Each structure stands twice: as C-alpha cells, then as structure tokens.
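Visitor: Kindly return the folded structure for what I paste below:
(chains A, B, C and D)
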Number of protein chains: 2
Amino acid sequence: MPTLAEEHLDAAFAALADPTRRAIVGRLARGDATVSELAAPFAMSLPGISKHLKVLERSGLISRRRAAQFRPCHLEVDALDQTLDWITTHRRIWDERFDKLDAHLSAVQSGRRGGKDAAR
Amino acid sequence: MPTLAEEHLDAAFAALADPTRRAIVGRLARGDATVSELAAPFAMSLPGISKHLKVLERSGLISRRRAAQFRPCHLEVDALDQTLDWITTHRRIWDERFDKLDAHLSAVQSGRRGGKDAAR
DNA sequence: CCTGTCATTAACTTGACAGTTAACTAACCG
DNA sequence: CGGTTAGTTAACTGTCAAGTTAATGACAGG
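Guide: Got it, this is the predicted structure:
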C-alpha cells in the first residue's frame, strides 16, 4: 500500500529520469516559459515536447496556465523539494551509520570489549 | 549527444522512480545486506528483487561483492550525491531567480525607471 | 560427492513510454 | 469571417521495464 507521498515520488523521479525533461526543468528554474520556447532547443516534434510536459505536469513538477493562445509553464519547486528531501534523508541515514561505526571503533580501541557485530 | 554524467543521471533517477528500489536503497543506507535480507520485506519473488538489484547496480547506486554463496549489497553514496547535486543546483537557480526579481522590484519601487521584462 | 542454501539467468506476458505524422482545438488579428 | 499562431489529441510504432515460473549456477558442509 504505497502512501500518497510515495506515489508522488515515483512520478517525480520518473519524470527526472529523462534528459529532455531535466533540461526543461532546468529552463523553467530560470523562469516560466511557453511550450514553443521550451521546445526550441530540441530536435523534437512539438507533440513530443507536449507529451513530456504532460508527464512533468502529472508528476507535479510543473503547472500550466492559459494566457491567450499560449500555455506558460511554471516550475513547482515544492515537488522538486520532495525529491530533495527523500535523498537528503537517506543520505543522512548513511552518514549516521558511519558515525555509529566510528563510535564503535573508538570504543573498541579504548575499551577492548568483544567484537560482536563486526562483519556479516 | 548526452554527456556521461547525463546518462548516469538518467539511470539513477529511473532507479529511484520505483518504490521497491527506493526501499532497498533506504535499507542499504543503514548498512550492507544480502539479497535475501533485502527481499524479506517484499511480497515479491526473489528473481524480481534480483532484477531490481541489477537496475540499481547498473545505475551505480549500489555495488555487490561475493562472500561465499551470499552477494552482499552496498550503497554507493556518491551516485546518490550526483542526483542530489543536480536537484540542489536547479533548486538554487530557482532561488536566484527570486533574488533577481526582488532586486528588480526594489529598483522599481525606489527608482521608478520603466517596466521592461515585466511579463512575458 | 551430493544435498541444501543463496542467488541468477532464461523465457515469457503485460503494460507503459518515447517518438512520429496527421488532424484538430483555441485564440488572436486584420 | 478567414487566416495565422500556439498547442493538443489521435493513432500508430518500437522499445524497454516489471513481474511471473522454471531451470541453472555457485558454494558450504556433512
């Protein structure tokens, strides 16, 4: 039973797994842009870009509004932050693991009291 | 022509897009583990887990060694950091955009000199 | 050496996604 | 109204990934 946050991470990470979409996110980090503006750097049909934008929108990473015949795209930085949070959290857990190992080694070096849990 | 780093990001983000694989990474952040240990929490066949591990390994997020008939898995935190770097970089670009906007607004408020670049 | 344990490979099914072209919708502009 | 610009939807193709079961490899230990 995946939580809602989990499902959102699925979509956000999957969206970021494509280089075209990462480039689009990179562009939008500098400010909103229309579909044509976003498409310009790529040797890809407009429908192709449109699909990428739909993927990004479903993932919550971008939103779109209507302005005349344009559809300006906007980076939703909160969604990006959720992916950031997941990674930093687990990165931190990893670091804490080393802290514990260091503490253990220090204890062993000074106290010299048994080697339980040394290696699996 | 995607750079090597780009390709690696493709694989790393794609690997993290799956909840099972994220859970495996989460487990490995707490320390190395064998395939069976990693598989235990999941209602999935062992070959299924094996495939996920292969995806994680190809992405560079984990490595495996051999110890008797076990294949202990190890989190490669550098690969995780690369994804972290990509996101933080673009997150920072986004923040700087606001800085510029603020500067612009301040300038407008004090100096009152023309509205170039107001909206696209 | 043969049996059990740990794990992978093989073969297959199913479903999703990237990309295309062609056709369509929506809105401005003259 | 008709044309133009901006973008999406439809239909189709090819590729790749997730999951399964069944068979196979690698190693420890009596």
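Visitor: residue contacts, the closest residue to residue A:78 other than its chain neighbours?
Guide: Nearest residue to residue A:78, sequence neighbours excluded (Cβ to Cβ, 6 or more residues apart in numbering or on different chains): residue A:60, at 7.9 Å. In this view, the C-beta of every residue, glycine as well, is placed from N, C-alpha and C. Shown in contact with residue A:60 (Cβ atoms under 8 Å, 6 or more residues apart in numbering or on different chains): A:8, A:11, A:12, A:76, A:78, A:79.
Visitor: Give me the distance between residue A:60 and residue A:7.
Guide: With the distance defined as Cβ to Cβ, to the nearest Å, residue A:60 ends up 10 Å from residue A:7.
Visitor: ok, residue A:39 - how many residues close by?
Guide: Close neighbours of residue A:39, defined as other Cβ atoms under 10 Å in any protein chain shown, add up to 21.
Visitor: and it, backbone torsions?
Guide: Phi and psi for residue A:39, reported as degrees, to the nearest 10, are phi -70, psi -30.
Visitor: For the spatially most central residue of chain A, which non-adjacent residue is spatially closest?
Guide: Chain A has residue A:83 as the residue nearest its centroid, 3.7 Å off, counting by Cα atoms, centre = their mean. Spatial nearest neighbour of residue A:83, excluding adjacent residues (Cβ to Cβ, 6+ apart): residue A:12 at 5.0 Å.
Visitor: I'd assumed residue A:82 was in contact with that neighbour.
Guide: Yes: contact criterion Cβ atoms under 8 Å: residue A:12 and residue A:82 qualify, at 6.5 Å.
Visitor: which of the two has more neighbours?
Guide: Ranked by neighbour count (other Cβ under 10 Å), residue A:12 and residue A:82 place residue A:12 first, with 25 against 17.
Visitor: got a pLDDT number for that one?
Guide: According to the prediction, residue A:12 has pLDDT 98.
Visitor: try residue A:16
Guide: For residue A:16, pLDDT reads 98.
Visitor: need the contact list for it.
Guide: By Cβ under 8 Å, 6+ apart, the contact set of residue A:16 is A:22, A:25, A:61, A:83, B:9, B:13, B:86, B:87.
Visitor: you'd agree the first one is in a strand?
Guide: Pointing back at residue A:22 there. No: using DSSP: H, G, I helix; E, B strand; the rest coil, the assignment for residue A:22 is helix, not a strand.
Visitor: Okay, helices next: where are they in chain A?
Guide: Shown for chain A, the helices assigned by DSSP state H span residues A:4-16, A:19-29, A:35-39, A:46-58, A:77-111.
Visitor: Columns distance to residue B:29 on top of those helices, output as CSV?
Guide: Output for the helices of chain A, formatted as CSV (distance: least, Cβ to Cβ, whole Å):
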stretch, distance to residue B:29
helix A:4-16, 15
helix A:19-29, 24
helix A:35-39, 35
helix A:46-58, 28
helix A:77-111, 4
